[in-house]
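Trainee: Can you look at this prediction? I've put the sequence above it.
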Amino acid sequence: MPLRHDARIIGVIGFGHLVSHFFHLIVAPLFPWLREEFAYSYAELGFLMTVFFTVSGGCQIVAGFVVDRYGAGGTLVGGLLCLSLAAIGLSVSDTYAGLVAASALAGLGNSVFHPVDFSLLNSRVSEPRLGPAYAVHGLTGSLGWACAPIFLVGLAAPFGWRVALMGAAVIPLLVIALLLVNRDVITAVEKDVCDEGEAPAVNGSALAFLRHAEIWWCFAFFVFVSAAIGTAQSFAPSIFSAVYALDVQPAAMSVTVMMLGSALGMGVGGWLVVKSANLERNITIALFLAGFSAVCVGLGVVSAAFAITLMGLMGFGLGLSGPSRDMLIRTATPVGATGRVYGVVYSGLDAGIALAPVIFGQMLDAGYFSEVFFGVALCMLLSIVTAWKVGLKQRPV
C-alpha cells in the first residue's frame with residue numbers, strides 16, 4: 001500500500017486513541033472542584049474511576065465480538081458518541097448517582113477503542129509499517145493522558161468544571177467528523193473486518209480462541225504492565241513527597257517526566273520492532289530497564305533530581321516495549337478473531353489499572369512508600385515472564 005494510504009489510517013486511528021486516553025482522566029483533574037462543590041471524599045471520587053475502568057474492561061470483551069461481526073467503523077462512532085454524551089452527563093450532574101452513571105457511560109464508550117483500533121491497523125496497514133503504526137498508536141495514547149489535565153484545568157480555572165466538561169464533549173465529535181471525511185477508508189476497513197469475521201470461526205466456534213493459552217498469557221501481561229503504569233501514575237507524587245521531601249509541584253513532575261519518557265520510548269520502539277523480530281527479547285530489554293529504574297527510585301539512595309530522571313528512564317522502557325508487545329499479540333491472534341482477541345487481551349489493561357491502586361494504596365496507608373516501587377518492578381518482571389510464555393506457546397516443541 002502507498003505511504004499516504006497507511007498514513008491516513010494511522011492518523012485517524014491515532015486521533016481516536018488520543019481521545020480514548022483523554023477520557024481516562026476526564027474526572028481526576030477536576031477532583032478539587034468537585035470536592036469544593038459537593039464535599040465528596042477522595043474515596044468517593046476515586047470510585048468514579050473504578051466504575052469507568054470496570055465497565056470499560058468488561059464491555060471491551062463484548063466490543064471485540066461486535067467489531068468482528070459488524071465491523072469497526074460503526075462501532076467506533078458508537079463509542080465516540082458515548083464519550084460525548086458521558087461528558088455532557090457529568091457536566092450537568094448534581095448528584096453522586098448521576099456522576100457514577102455518566103462515568104459508566106464513559107467506560108462503555110472507551111471499551112470499543114482497542115478492538116476497533118487493532119482491527120483497523122492489522123487489516124489495512126502494510127506489514128512493514130505495522131511497527132511504526134503501533135508506535136504512533138501508543139504515542140497518541142500518551143499524548144491523550146498529557147492533554148487531559150491541561151485542557152480540563154485550563155477551562156475549569158476561569159470558567160468552572162461544568163464548562164470544562166462541556167468543552168470535552170466536543171472532542172469526540174471532532175473525531176466523528178474526521179471519520180466522515182475519511183469514510184472511504186473506514187468503509188473499506190469495515191468490509192475487510194466483516195469478511196474476516198464471517199469466515200469460519202477458529203475450530204468452528206466463535207469462542208474457540210479462548211482455548212489458546214497464549215491469549216490468556218497476553219491478558220496476564222497487560223494486567224501486570226498496566227498495574228505498574230497505573231501505580232506509578234497514581235502514587236509517584238506522594239512517594240516523591242514522602243521519600244525525597246519534594247513539594248507538591250516538583251513531585252508531580254515525576255509523572256510528567258515518566259510520560260514524556262514513555263512517548264520517546266514508543267517512537268524508538270517502533271524502529272526497534274522493524275529491526276528486530278525477536279519480540280520477547282525486545283520486551284525483556286525494555287522492561288528490565290524500566291524495572292531497574294523503579295528499584296533505584298525505591299531504594300532512595302540517589303538525589304531527588306536524579307530520581308526524577310530515573311522516572312523518565314522507567315517511562316522510556318515502558319514505551320519501548322509497546323510496539324513489540326502489540327506485535328507479539330498480533331502473532332498470537334487466530335485468523336478471523338482479531339476484534340475478539342484484542343477485546344479480551346486489552347481488558348487486562350483496565351483490570352490492572354482498577355486493581356493496582358487498591359493493593360498498592362494499602363501499602364502507602366501502612367507507610368511503605370519506597371516499597372511500592374519494588375512492587376512496580378515486580379510487576380514488570382512478571383510481565384517479562386508472561387511475554388516469554390506467549391512466545392514459547394507459539395513455537396513448536
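Mentor: Noted; the coordinates are in hand.
Trainee: Could you check the helix or strand where Gln249 lies and say which residues are buried?
Mentor: Here Gln249 sits within helix 248-275, counting by DSSP states H and E. The neighbour-count check on helix 248-275 (16 or more other C-beta atoms under 10 Å) flags 250-267, 269-270, 272-274 as buried. No exception for glycine: its C-beta is placed from N, CA and C like everyone else's.
Trainee: what does stretch 314-331 give?
Mentor: Applying 16+ other C-beta under 10 Å to stretch 314-331 flags 314-330 as buried.
Trainee: State the distance from Val295 to Ser321.
Mentor: 17 Å (C-beta to C-beta, to the nearest Å).
Trainee: before we move on, what about Ser238?
Mentor: Counting by C-beta to C-beta, the gap from Ser238 to Ser321 is 26 Å.
Trainee: what about this structure, any weak spots by pLDDT?
Mentor: Within the chain, the segments meeting pLDDT under 70 span 1, 185-209, 248, 335-337, 392-397.
Trainee: How is Val385 assigned, secondary-structure-wise?
Mentor: Under the three-state scheme (DSSP: H, G, I helix; E, B strand; the rest coil), Val385 adopts helix.
Trainee: what's the distance between it and Cys218?
Mentor: Val385 is 13 Å from Cys218, by C-beta to C-beta.
Trainee: Have a look at those two and say which one is more surrounded.
Mentor: Cys218 (26 against 13; other C-beta atoms under 10 Å).
Trainee: Sticking with the more buried one, tell me its helix or strand.
Mentor: Going by DSSP H and E, Cys218 is in helix 213-244.
Trainee: And that helix, what's buried?
Mentor: So, applying 16+ other C-beta under 10 Å, buried residues of helix 213-244: 214-244.
Trainee: Strands of the stretch 1-150 of the chain, start to end?
Mentor: Counting by DSSP state E, counting those that start in this stretch, one finds no strands in the stretch 1-150 of the chain.
Trainee: Helices of that one, residue ranges please.
Mentor: 3-24, 31-38, 42-70, 72-92, 96-110, 113-124, 130-159 (DSSP state H, counting those that start in this stretch).
Trainee: The stretch 251-397 of the chain too?
Mentor: 279-299, 304-331, 338-365, 370-394.
Trainee: same for the second one, what does it pack against?
Mentor: Helix 304-331 makes packing contacts with helix 113-124, helix 130-159, helix 213-244, helix 248-275, helix 279-299, helix 338-365, helix 370-394 when contacts are defined by 3 or more C-beta pairs under 8 Å, 6 or more residues apart in numbering; DSSP states H and E.
Trainee: got it, and the first one?
Mentor: Contacts of helix 279-299 with other secondary structure elements, assessed using 3+ C-beta pairs under 8 Å, 6+ apart, are made with helix 213-244, helix 248-275, helix 304-331, helix 370-394.
Trainee: Tell me which other helices or strands the longest one touches.
Mentor: Put plainly, it is helix 213-244. Going by 3+ C-beta pairs under 8 Å, 6+ apart, helix 213-244 lies up against helix 248-275, helix 279-299, helix 304-331, helix 338-365, helix 370-394.
Trainee: could you give the angle of it to helix 248-275?
Mentor: 150 degrees (axes from the mean of the first three to the mean of the last three C-alpha atoms, to 10 degrees).
Trainee: Quick check: the gap between Val163 and Val255.
Mentor: Taking C-beta to C-beta, one finds Val163 at 26 Å from Val255.
Trainee: what do you get for Val341?
Mentor: Taken as C-beta to C-beta, the span from Val341 to Val255 is 31 Å.
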